[in-house]
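Chemist: Pasted the sequence and its predicted model underneath.
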Amino acid sequence: MISLDLSNAKLDKDIASYQEKVTVAHNDLHNATGKGNDFVGWVKWPLEYDKEEFARILALKKRMEGKYDTVLVCGIGGSYLGARAAIEMVKGLYPNDGIEVIFVGNTFSNTYISQVLEHIKNKEVVLNVISKSGTTTETSISFRIFKKFMEEKYGEDAKNRIYATTDKSRGTLKSLADKMGYETFVIPDNIGGRYSVFTAVGLLPLALANVDIEALMKGSLDAYNELNTADLDKNPAYQYAVARRVLDDKGYKAEMFVTYHLQLAMIAEWWKQLFGESEGKDGKGILPTSACFSTDLHSLGQFVQDGTKVEFETVLHVDEMADDMVFPSDDENLDNMNYLAGKKLSWVNEMAYKGTLSAHSEDGNNPNIVINIKDNSAYSFGYMIYFFFIACGMTCYLLDINPFNQPGVEVYKKKMFKLLGKE
């Protein structure tokens, strides 16, 4: 389902030389014997996910059909990035099914929150708040504001339009949800936020947004089955993980994740959290950056081509994107563009990809890794996220760090709380 092209990666080591280390790390991941082993529940989740809760999500979606046109998703980091990435990848930036999804709880911006409130005042809204503890500041601020909006708009019925995804039995949000009568869904104890998109964290907002979550889970299951091997010759996710380590050793300390469709930009944002928060510890790790070509070729292209050689590129190439059109002919041809008349825009974009790959790897001497996926379906998204999950776990274990904690994140919170006056 996913293939990896390392022909332009400029590796100076044979990845097969990592086979022994990969085998050890693979066994640690699948047997929960490595660092952070209390947070590897995602490894077998496609096989062992909570079928009863999944059915409840589908039932909720069916029960609410026709009763809303706007979904507010209140969360930050792993509590929103995966869902947003999936919605935009599968449905595009301007879906035509009448459902608008708005993400809140991920910013302190007074302007943004105020404008969302104004925008939704005449909408039919459902709200999904997502937080393990219920004390994440950005999410808690937004939830109080939008909870008040829901109560003023819907009165007693607000509790039937607010859904909490949180800890199974404890925490501030769980206590509040029980008191208010919100239906709750579970964030598993052994799955961290950035690995949680195929739990209720991602599945509930995706279902409400009309994304086929059954196809998504089938994709993740197929990925689990096909990538559950330590054999480097047969596992492209582990090949990608090893290639990152080889390039890191060569001095490439930044990785630019490249897409060629605007609706895939949030995939890059999700990927940046996954790898940045998992790998950036103990003075180690590769800086995750991103770009959307050809758009960003007009801002970053010069640096990538001729600038300091600090980064390598990982290109997400999609073979068949939904929706296409033919470039029209013009009798006067005043813009001299008739040479493209009759060509599909997908073909033009493909030529931009091939030309840029050649320019950057051959002329610019930049290492390029290409990850090929079939299409932008929910199934492909499910397969792809598991590919990146298992690759991230592997590449971090090869670096001898814990991929599943984030101690550095707590530093800014302590400084911020002091300034805010929180005890």
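Modeler: All right, it came through fine. Numbers count the residues shown, from 1 in each chain.
Chemist: Which residues belonging to stretch 145-152 are considered buried?
Modeler: Buried residues in stretch 145-152, counted by 16 or more other C-beta atoms under 10 Å: Ile145, Phe146, Lys147, Phe149, Met150. Quick note: C-beta positions are derived from backbone N, CA and C, even for glycine.
Chemist: Keep only those of these that are in helices.
Modeler: Per DSSP state H, helices hold the following members of the buried residues of stretch 145-152: Ile145, Phe146, Lys147, Phe149, Met150.
Chemist: The last one against Asn160, yeah?
Modeler: What it means is Met150. No. Using C-beta atoms under 8 Å, Met150 makes no contact with Asn160, being 10.1 Å away.
Chemist: Select the helix or strand of this protein having the lowest average pLDDT value.
Modeler: Between all helices and strands in the chain, the lowest mean by mean pLDDT, DSSP states H and E belongs to helix 409-420, at a mean of 79.
Chemist: what packs against that one?
Modeler: Helix 409-420 is packed against helix 137-154, with contacts defined by 3 or more C-beta pairs under 8 Å, 6 or more residues apart in numbering; DSSP states H and E.
Chemist: what's downstream of the helix it packs on, the next helix or strand?
Modeler: strand 162-166 (DSSP states H and E).
Chemist: Each with direction, which strands does that following strand pair with?
Modeler: Strand 162-166 pairs in its sheet with strand 125-130 (parallel), strand 183-186 (parallel), by DSSP bridges.
Chemist: which of those strands sits most buried?
Modeler: Mean neighbour count (mean count of other C-beta atoms under 10 Å) peaks for strand 125-130 among those, with a mean of 26.
Chemist: Taking their axis directions, that one and helix 137-154 sit at what angle?
Modeler: Angle of strand 125-130 versus helix 137-154, following axes from the mean of the first three to the mean of the last three C-alpha atoms, to 10 degrees, is 150 degrees.
Chemist: Dump strand 125-130 to CSV, restricted to CA.
Modeler: Coordinates of the C-alpha atoms in strand 125-130 are reproduced here as CSV (Å, rounded to 0.1, in the frame of the first residue of the first chain):
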residue,chain,number,x,y,z
VAL,A,125,-23.6,23.0,16.5
VAL,A,126,-22.3,19.9,18.2
LEU,A,127,-19.2,20.2,20.4
ASN,A,128,-16.6,17.5,21.1
VAL,A,129,-14.1,18.5,23.8
ILE,A,130,-11.0,16.3,24.0
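Chemist: Longest strand of the protein, counting residues only.
Modeler: For the chain, the longest strand by residue count, based on DSSP state E, is strand 311-320.
Chemist: Give me the average confidence score over that strand.
Modeler: Regarding strand 311-320, the rounded mean pLDDT is 97.
Chemist: domains in the chain, as residue ranges please.
Modeler: 2-34+217-398, 45-211 (automatic domain parsing).
Chemist: The spatially most central residue of the chain: helix or strand, and which one exactly?
Modeler: For the chain, Trp270 is the residue whose C-alpha lies nearest the centre (C-alpha atoms, centre = their mean; 3.1 Å). Using DSSP H and E, the secondary-structure element containing Trp270 is helix 265-279.
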